[in-house]
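# Sharing a sequence plus its predicted fold:
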Amino acid sequence: MNNDHLISLPIWIESSATAKLVHELQPKNTQWMSLRFVHRESESLFTRDGIPDHEGFSTTSGAMIEVLVNGYFGYTATTNLTVSGLKAAAQEAALIASRHSIYGLNRFTQEETRIASKGIYSSPAHDTRSLSEINAEAFQTLVGLHKYLKAGDKITRTVAGFVLTRTHSRFVSTAGADVIQRFSQATPHLSATARDTSNVQTRTNFGHSAQSRQAGLESFFGGQTPSFTLANLAKSIGHEALELLNAPDCPTEKTTLLIMPDQMMLQIHESIGHPLELDRILGDERNYAGSSFVSVEDFGKLKYGSPLLNVTFDPTVDDEFASYAFDDTGAPSSREFLIRNGILERGLGGQESQLRTRLKGTANMRASSWNRPPIDRMANINLEPGQGSLTDLIAGVERGVLMQSNKSWSIDDYRNKFQFGCEYAREIRDGKLGKVLKNPNYRAVTLSFWNSLTAVGGPETLGTFGTPYCGKGEPNQAISVGHRSPACVFRDIEVFGGES
């Protein structure tokens with residue numbers, strides 16, 4: 001290369017020059033090299049008590065260079081996107097890999113671990129405008145929701161906000177990989193807090209950040225159906241916050257528990273998603289995020305839950321929060337059963353973990369940004385629907401509690417014992433919903449809990465949710481995940497009231 005120049009955004013995303021660049025930058029002592037370019041923009045608008053409170057914009061751009069030396073991977077990230085800057089980073093990655101390869105416990109080849117995929121993925125965003133383009137209109141919408149959220153004088157705080165994040169990435173390698181992916185992620189926020197002396201209750205839109213989807217502005221500022229409008233949702237949130245002030249505490253007892261999809265999201269995430277990540281099972285995350293009660297020997301035979309439990313890894317769902325066509329090593333995504341008819345079949349692990357464990361895994365090596373290497377992460381983990389409407393599920397419960405919208409969570413390092421709190425509950429008596437209950441919580445042990453599953457709702461009860469804040473890795477990586485689930489019924493679960 002005769003000229004040092006900035007590798008501009010159009011080249012990252014559009015030009016064939018990027019595929020050529022990786023060969024020209026490859027250090028001589030490496031067997032393989034990749035470049036992963038990432039550009040991300042995030043916008044946010046928030047109102048508090050009907051007054052504009054926050055307007056934010058952030059952007060980040062950079063590249064991760066990955067090399068293979070003597071069967072060992074090395075990484076270096078850089079924001080210096082000139083040819084010379086990328087070349088220096090590639091040399092540094094090669095030096096790191098070479099120095100550390102003498103201590104490597106596992107050695108890999110490119111053919112085993114890095115697939116030369118080619119393809120393009122784009123989120124199903126219909127309104128591709130930025131928040132700044134509709135700033136006045138968006139703030140007007142958010143401000144207008146205050147009158148619906150404030151359903152009474154005892155509502156002491158309302159919040160309405162929206163976060164839109166757009167990410168462009170390109171992954172190219174000397175083996176011929178060339179993957180372009182464009183993500184548009186939308187997260188609305190609605191909440192109403194009610195207070196009566198020391199009794200404080202908050203109701204949100206399905207739990208904090210849980211309404212996250214892959215979409216554009218249409219997910220919040222347009223395209224609404226008559227059965228689901230922002231005004232109706234805000235009214236419901238405000239009224240339910242007031243209801244909770246006068247509600248009795250959830251009773252302390254062993255009973256039947258009906259969990260709605262917005263809380264099932266957290267249940268699946270913590271007690272299925274994390275314990276099935278193969279790097280945790282191998283002990284790689286023990287120092288920080290924790291390990292797992294699952295062992296390598298459990299796959300293919302562990303009775304994880306009742307025969308009604310069917311769980312899939314599925315990044316192919318159009319609008320779910322963690323959908324993609326390829327993971328951050330270029331591996332193509334596909335829908336795979338993790339648990340089928342209650343039996344554990346497959347773990348959440350990329351090519352390296354699959355080679356180390358000799359188990360089948362998934363295309364789930366993901367990085368939170370350009371300055372992190374990809375590691376085993378859950379993506380969309382979904383509980384497959386069964387049969388019956390919500391009315392049918394309730395009718396099948398003689399005595400129990402319905403809980404929805406996560407408020408708090410606690411689970412041990414092995415993802416075994418857990419205690420979760422919810423925002424809102426209703427008692428169930430003789431197949432009908434009864435009075436509202438506040439401060440509902442439940443606790444259990446993972447395997448006995450999932451084996452107590454007695455009913456799984458049909459497709460009409462499905463809810464799709466997600467979170468941008470799943471943390472793991474050192475240095476930490478906060479990443480988006482998605483969960484789709486029907487309403488589910490569990491028998492003999494310990495529930496209790498009070499702040500968890």
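Yep, it's here. Numbers count the residues shown, from 1 in each chain.
# The residue lying closest to Asn341 once chain neighbours are set aside is in what secondary structure piece?
Spatial nearest neighbour of Asn341, chain neighbours left out: Pro307 (4.8 Å); criterion: CB to CB, 6 or more residues apart in numbering. (Each C-beta comes from the backbone N, C-alpha and C, glycine too.) Counting by DSSP states H and E, no helix or strand carries Pro307.
# again, but for Ile237
helix 230-246.
# Please report the distance of Leu233 from Gln351.
Here the criterion is CB to CB, to the nearest Å. By it, Leu233 lies 42 Å from Gln351.
# Thr113 now?
Applying CB to CB to Thr113 and Gln351 gives a distance of 4 Å.
# Name the residues contacting each of the two.
Taking CB atoms under 8 Å, 6 or more residues apart in numbering as the criterion, Thr113 and Gln351 both touch Thr329.
# before we move on, the earlier item: burial count for the residue nearest to Asn341?
By other CB atoms under 10 Å, 12 other residues sit near Pro307.
# got it, and Ser198?
For Ser198, using other CB under 10 Å, the count is 5.
# List the contacts of the residue nearest to Pro188 when sequence neighbours are not counted.
Spatial nearest neighbour of Pro188, chain neighbours left out: Phe220 (4.8 Å); criterion: CB to CB, 6+ apart. Taking CB under 8 Å, 6+ apart, we find Phe220 in contact with Thr141, Phe162, Ala186, Pro188, Leu230.
# Shouldn't Phe220 be within a helix?
Yes. Applying DSSP: H, G, I helix; E, B strand; the rest coil, one finds Phe220 inside a helix.
# How much space separates it from Val38?
Going from Phe220 to Val38 by CB to CB gives 25 Å.
# Could you look up the SS state of Ile268?
Looking at Ile268 with three-state DSSP, the answer is helix.
# And the pLDDT at it?
Here the pLDDT value assigned to Ile268 is 98.
# tell me which element the closest residue to it other than its chain neighbours falls in.
Distances taken as CB to CB, 6+ apart place His483 nearest to Ile268, at 5.0 Å, with adjacent residues excluded. Using DSSP H and E, His483 maps to strand 477-485.
# now the helices: where do they sit in the stretch 301-450 of the chain?
With helices called from DSSP state H, counting those that start in this stretch, the stretch 301-450 of the chain shows them at 351-357, 390-395, 446-451.
# buried ones in the last one?
Okay, so that is helix 446-451. Buried residues in helix 446-451, counted by 16 or more other CB atoms under 10 Å: Thr446, Leu447, Phe449, Trp450, Asn451.
# Identify the residues contacting the residue nearest to Ile268.
Residues near His483 by CB under 8 Å, 6+ apart: Met264, Met265, Ile268, His269, Gly273, Asn380, Ile381, Asn382, Leu383, Thr464, Phe465, Gly466.
# 10 Å - rerun?
Going by CB atoms under 10 Å, 6 or more residues apart in numbering, His483 touches 210, 261-262, 264-269, 272-273, 311, 320-322, 378-383, 463-467.
# ends of stretch 388-403, how far apart?
One end of stretch 388-403 to the other measures 18 Å (CA to CA, to the nearest Å).
# What residues of that stretch count as buried?
For stretch 388-403, by 16+ other CB under 10 Å, it's Gly388, Leu390, Asp392, Leu393, Ile394, Gly396, Val397, Gly400, Val401, Leu402, Met403.
# looking at this structure, which helix or strand is least sure?
helix 9-13 (a mean of 68; mean pLDDT, DSSP states H and E).
# next SSE after that helix?
In N-to-C order, the element after helix 9-13 by DSSP H and E is helix 17-25.
# residues contacting the residue nearest to Thr357 when sequence neighbours are not counted?
Nearest residue to Thr357 in three dimensions, chain neighbours excluded: Val296, at 5.2 Å (CB to CB, 6+ apart). By CB under 10 Å, 6+ apart, Val296 lies in contact with Leu278, Ile281, Leu282, Gly347, Arg356, Thr357, Arg358, Leu359.
# Among those, name the buried ones.
Leu278, Ile281, Leu282, Gly347, Arg356, Thr357, Leu359.
# how about Asn364, phi and psi?
When read as degrees, to the nearest 10, the backbone of Asn364 gives phi -130, psi 30.
# Check whether it really touches Pro315, as I assumed.
Yes. The criterion here is CB atoms under 10 Å, and Asn364 meets it with Pro315 at 7.8 Å.
# Neighbour count for the two, which is higher?
Taking other CB under 10 Å, Asn364 and Pro315 do not tie; Asn364 has more neighbours (30 against 25).
# Could you report the pLDDT at that one?
For Asn364, the predicted pLDDT is 98.
# now the one 4 residues further on
According to the per-residue confidence, Ser368 scores 97 in pLDDT.
# my guess is it meets Ala322, correct?
No. Using CB under 10 Å, Ser368 is not in contact with Ala322, being 11.8 Å away.
# for the stretch 1-150 of the chain, what spans make up the strands?
Here the stretch 1-150 of the chain has its strands, by DSSP state E, counting those that start in this stretch, at 32-48, 51-69, 72-78, 118-122.
# With Val163 as the reference, measure out to Ser480.
Taking CB to CB, one finds Ser480 at 11 Å from Val163.
# Need the residues touching each of the two.
Gln185, Thr187, Ser209, Ser212, Pro468.
# can you tell me which of the residues you listed are in strands?
Residues of the shared contacts of Ser480 and Val163 located in strands (DSSP state E): Gln185, Thr187, Pro468.
# Put together CSV for these, with neighbour count on each row.
Listed next are those as CSV, based on neighbours: other CB atoms under 10 Å:
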residue, neighbour count
Gln185, 25
Thr187, 25
Pro468, 18
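# Out of those residues, flag the one nearest to Ala151.
Nearest to Ala151 among these is Thr187, at 23.5 Å by CB to CB.
# ok, now which ones touch Glu320?
Listed by CB under 10 Å, 6+ apart, the contact partners of Glu320 are 212-214, 314, 379-382, 464-466, 480-484.
# do the same with Arg372
Residues counted as contacts of Arg372 (CB under 10 Å, 6+ apart) are Val38, Met64, Tyr75, Ala77, Asp328, Arg366, Gly473, Pro475, Asn476, Gln477, Ala478, Ile479.
# Which residue in these has the weakest pLDDT?
Among the contacts of Arg372, Pro475 carries the lowest pLDDT, at 91.
# how deep is it tucked in, by neighbour count?
Pro475 has 8 nearby residues by other CB under 10 Å.
# Roughly how far does it sit from Ser368?
Pro475 is 10 Å from Ser368, by CB to CB.
# from memory Glu427 sits against Gly400, does it?
Yes. Counting by CB under 10 Å, Glu427 does reach Gly400; the two are 7.7 Å apart.
# Common neighbours of those two, please.
Common neighbours of Glu427 and Gly400 (CB under 10 Å, 6+ apart) are Thr255, Gly434.
# What residues are bridge-paired with Gln211?
Note on Gln211: beta-bridge partners Gly466, judged by DSSP bridges.
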